[in-house]
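K.L.:
Make a model of this:
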Amino acid sequence: MNQTKKAMLMMLLTAFLWSLAGVFIKLIEMDALAIVCMRSFAASLTMLFFIRRQKLPWSWPMLGGALSYMAFTYCIILSTKLTTSATAVMMQYTAPIYVAFFSWMILNERVRRSDWVCLAVVLGGMCLFFLDKMGGGSILGNVIALGNGISFALLSIFLRFQKGGHPEQSIFLGGFLAFLIGIPFTVRSFQSQLPSPRDIAVLVIAGIVVTVGYRLFTEASKSLTALQTVMLPIIDPILNPVWVFLAVGERPGAVSLCGGGIVLAAITIRSLLLIRSPQP
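P.N.:
Next up, the predicted model:
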């Protein structure tokens, strides 16, 4: 098996592992902030295993990536707890359009007409999440979910700055910061109710799974084309709600599913057009 095929399998495995995040969060009967803290602790220990022989180079991209990953961790877990898993993961996959506009503001890169069109379509799809009264999600959860795409976009930009280095170090530091910030909330949560052995086991597994996914993603990206890197992880937002439905019976509303389909289609088409078009 050549390197490209191995990388494609690694990327598919990455998307599969990421798709399990929603069901892990839904299965844990703990306060959301305590989940962030404990899962981040398990994830940081796992990433430390991968980077234990690396020096930690302090740089602005590394710190920016760490803060972005910390913010993303809080947003994705809180939104998954407070709204449907489908809404949370679909909001995450609006990240490419935010990347375009952050690149415009930070790097002065040109924003294409297709980006403006995609933004309008994505905003329309996102509005459907807020209009859906039958999906079981809260308005607060939907609002927090907006941060999923924004923080993941910033993470992508800062990881891009570290392409020649070790971007996984940002993941380690961001996870460790999420753990430190979450300690007071976790202590308060444990004062009222200690986690069950099952919850602890699920937390540990969740931390390991998400970290292995990020490690595979960084390795696979080195041997794949831009098209393959964009398209292969698309199975994550498709499988994520399926696992949650099978495990806990959470069924997104029809309007939310329609909005998710619009968002996913718009981002996919925009990414394909961007890859196929000549670079300015």
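
K.L.:
In the stretch 51-200 of the chain, where is pLDDT below threshold?
P.N.:
Applying pLDDT under 70 to the stretch 51-200 of the chain flags the ranges 107-109, 132-137.

K.L.:
what about the helices in it?
P.N.:
Secondary structure of the stretch 51-200 of the chain (DSSP state H, counting those that start in this stretch): helices located at 60-82, 85-92, 95-107, 113-131, 139-161, 168-192, 197-221.

K.L.:
Export the ones you listed to CSV and append columns for distance to Ile51 and mean neighbour count.
P.N.:
The way it works is simple: take the backbone N, C-alpha and C, and place the C-beta from them, glycine included. Shown next, in CSV, are the helices of the stretch 51-200 of the chain (distance: least, CB to CB, whole Å; neighbours: other CB atoms under 10 Å):
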stretch, distance to Ile51, mean neighbour count
helix 60-82, 12, 22
helix 85-92, 24, 29
helix 95-107, 24, 17
helix 113-131, 35, 17
helix 139-161, 14, 20
helix 168-192, 6, 19
helix 197-221, 9, 19
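
K.L.:
I'd guessed Tyr93 sits against Ser156; true?
P.N.:
No. Between Tyr93 and Ser156 there is no contact under CB atoms under 8 Å: 11.6 Å.

K.L.:
so what's Leu159 closest to, chain neighbours aside?
P.N.:
The spatial neighbour of Leu159 that comes closest, neighbours along the chain excluded (CB to CB, 6 or more residues apart in numbering), is Pro167 at 4.3 Å.

K.L.:
Then Pro237?
P.N.:
Val89 (4.6 Å).

K.L.:
ok, the one you found to Ser196 distance?
P.N.:
26 Å (CB to CB, to the nearest Å).

K.L.:
re the thing from before, show me the contacts for the residue nearest to Pro237.
P.N.:
22, 80, 148, 236-237, 240-241 (CB atoms under 8 Å, 6 or more residues apart in numbering).

K.L.:
Restricted to strands, list these.
P.N.:
Per DSSP state E, strands hold no members of the contacts of Val89.
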